[in-house]
Every structure is written in C-alpha cells, then in structure tokens.
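A.B. asks: when you get a sec, could you give me coordinates for this:
(chains A and B)
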Amino acid sequence: GEDVEQSLFLSVREGDSSVINCTYTDSSSTYLYWYKQEPGAGLQLLTYIFSNMDMKQDQRLTVLLNKKDKHLSLRIADTQTGDSAIYFCAESIGSSYKLIFGSGTRLLVRP
Amino acid sequence: DVKVTQSSRYLVKRTGEKVFLECVQDMDHENMFWYRQDPGLGLRLIYFSYDVKMKEKGDIPEGYSVSREKKERFSLILESASTNQTSMYLCASGTSGDQLWTQYFGPGTRLLVL
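C.D. replies: Below is the predicted model:
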C-alpha cells in the first residue's frame, strides 16, 4: 500500500544546514512535495520535484530524490529561527488527485 | 496571492450537534479538499470536490458530508458530532495539470467536541 514516513523531530543550530528525510513505498509516484506548517497555520507548499528528476534547487532549499531507495530529502541551507515549523513530505501517484502525506517532521532551530 | 479562508479558527461543540465548517477560496480553483490533521497521523483526506455539486469520498468520509453549491465555497458537515471528531480541519483548493497537483491550504479550524 501507499505509505510515507518521516522522522518526528530534528533540532539544529541557527546557521547550520538542516536535512529532513522522507521515505515512501509506492514506486509509481509522479510528483513529490514538501510543505511547511508554521504554528497555528495551514500548510504552505515549499517545493516539489517530478519523479524523473534527481535534484531540484530553489534558493536555500535543495530537494534530493533517490528513486531506487524511494528516499526524498529536503536540505535547508543557513537555517534560520523562522524555519522552525513542521515539514511534511507528500507524494502523488499517477494522475490521482490524492496526496499521501507523511506525519511531519518538527524542525526546531536553536539560536 | 491565493487566499483560502475558513469560517472559524476555533470551535467548541457538544456531542450530537450538527456542525458546519465553511471554506472559501478566491482563485477560481475547480478542486477543493477537506482534510483532518491529527498528531502522528499527518493529513487524511475526508472529501474532495472537482466541480460544483461534484464530490468524491476520501480516505475517512464516515461521519462527514460535504456541500459545494458554488465554485468558491466548500462546506464540511458533521451531522452529529462525536468526541472522536475532535481534530484540526484543513481546507485546501488547487489546480491540476500534467499530473501536478498544487494545493493551497487555509489556516485550519480546531474543533473540540465535548
């Protein structure tokens, strides 16, 4: 079945890089997404990657996709206190409208 | 900027009450979604609507119904609220093209059923 897993918690120092990891089980993923949820807010789409790409860079964000291992990561360079939030990875499969979400990784950035 | 608004940020209801959660989007999106978010479970899809009056059940539709009479508005209805429906409810609207589904989320409604 479809499943997306993430570690629950990550703590980093301000200025360091953060790497948030995600694994998924369905090999027919079409797109994979990263969303950010700040306290008391809804989810905000950060970035996405098409399944035939290995890497995508967008300013401080780098997404790496290893299809063989079904592993997705989000690297945030020069992490700031404003990056403290919950990060969700999600996948879409084929042309389905359903996004399968992970349970979220809480990122805490220490000053 | 896309704006998705939800009628209430916080709501307290009693068991057995009928509850309406409203969602409005201003981007003329055809697709709208209702999710619930629970700690450790991520987001689970309750219902999806791809057009006015059109809907599809998501993964956990039991105990819920929806209404989409106008394109910009998607309502979630709890016919008889129960304590296990205490949760954060998130509405989203979005577009689709070339299998890319882009969803924009509202701020959420935190519902407590006593």
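
A.B. asks: ok, which stretches of the chain are strands?
C.D. replies: All of this refers to chain A. For chain A, applying DSSP state E gives strands covering A:4-6, A:9-13, A:18-24, A:29-37, A:43-50, A:55-58, A:61-66, A:71-76, A:85-93, A:99-101, A:105-110.

A.B. asks: you answered for a different chain; I wanted chain B.
C.D. replies: Assigned strands in chain B, in chain order: B:4-6, B:10-13, B:19-25, B:31-38, B:42-51, B:54-57, B:65-70, B:73-78, B:87-97, B:100-105, B:109-113 (criterion: DSSP E).

A.B. asks: gap between B:Ile46 and chain A?
C.D. replies: Counting by CB to the nearest CB, to the nearest Å, the gap from B:Ile46 to chain A is 12 Å. For glycine as for every other residue, the C-beta is placed from the backbone atoms N, C-alpha and C.

A.B. asks: which non-adjacent residue is nearest that residue?
C.D. replies: Spatially, and ignoring its direct neighbours in sequence, B:Ile46 is nearest to B:Trp34 (4.5 Å; CB to CB, 6 or more residues apart in numbering or on different chains).

A.B. asks: could you dump the strands of chain A into TSV and include distance to B:Thr102, mean neighbour count and mean pLDDT?
C.D. replies: Output for the strands of chain A, formatted as TSV (distance: least, CB to CB, whole Å; neighbours: other CB atoms under 10 Å in any protein chain shown; pLDDT from 0 to 100):
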stretch	distance to B:Thr102	mean neighbour count	mean pLDDT
strand A:4-6	18	20	92
strand A:9-13	26	13	97
strand A:18-24	19	19	96
strand A:29-37	9	22	92
strand A:43-50	6	18	93
strand A:55-58	15	12	95
strand A:61-66	16	17	96
strand A:71-76	17	20	97
strand A:85-93	10	24	92
strand A:99-101	10	23	90
strand A:105-110	21	17	96
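
A.B. asks: got those as CSV, with distance to chain B columns?
C.D. replies: Supplementary listing: these in CSV, determined by distance: least, CB to the nearest CB, whole Å:
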stretch, distance to chain B
strand A:4-6, 8
strand A:9-13, 12
strand A:18-24, 11
strand A:29-37, 5
strand A:43-50, 4
strand A:55-58, 13
strand A:61-66, 14
strand A:71-76, 15
strand A:85-93, 5
strand A:99-101, 4
strand A:105-110, 10
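
A.B. asks: report the central residue of chain B.
C.D. replies: Against the mean C-alpha coordinate of chain B, by CA atoms, centre = their mean, the closest residue is B:Trp34 at 2.5 Å.

A.B. asks: give the contact list for the closest residue to chain B within chain A.
C.D. replies: Among residues of chain A, the one nearest chain B by CB to the nearest CB turns out to be A:Gly42. It sits 3.4 Å away. Residues touching A:Gly42, when contacts are defined by CB atoms under 8 Å, 6 or more residues apart in numbering or on different chains, comprise B:4, B:90, B:92, B:105-108.

A.B. asks: redo that, cut-off 6 Å
C.D. replies: By CB atoms under 6 Å, 6 or more residues apart in numbering or on different chains, the contact set of A:Gly42 is B:90, B:105-108.
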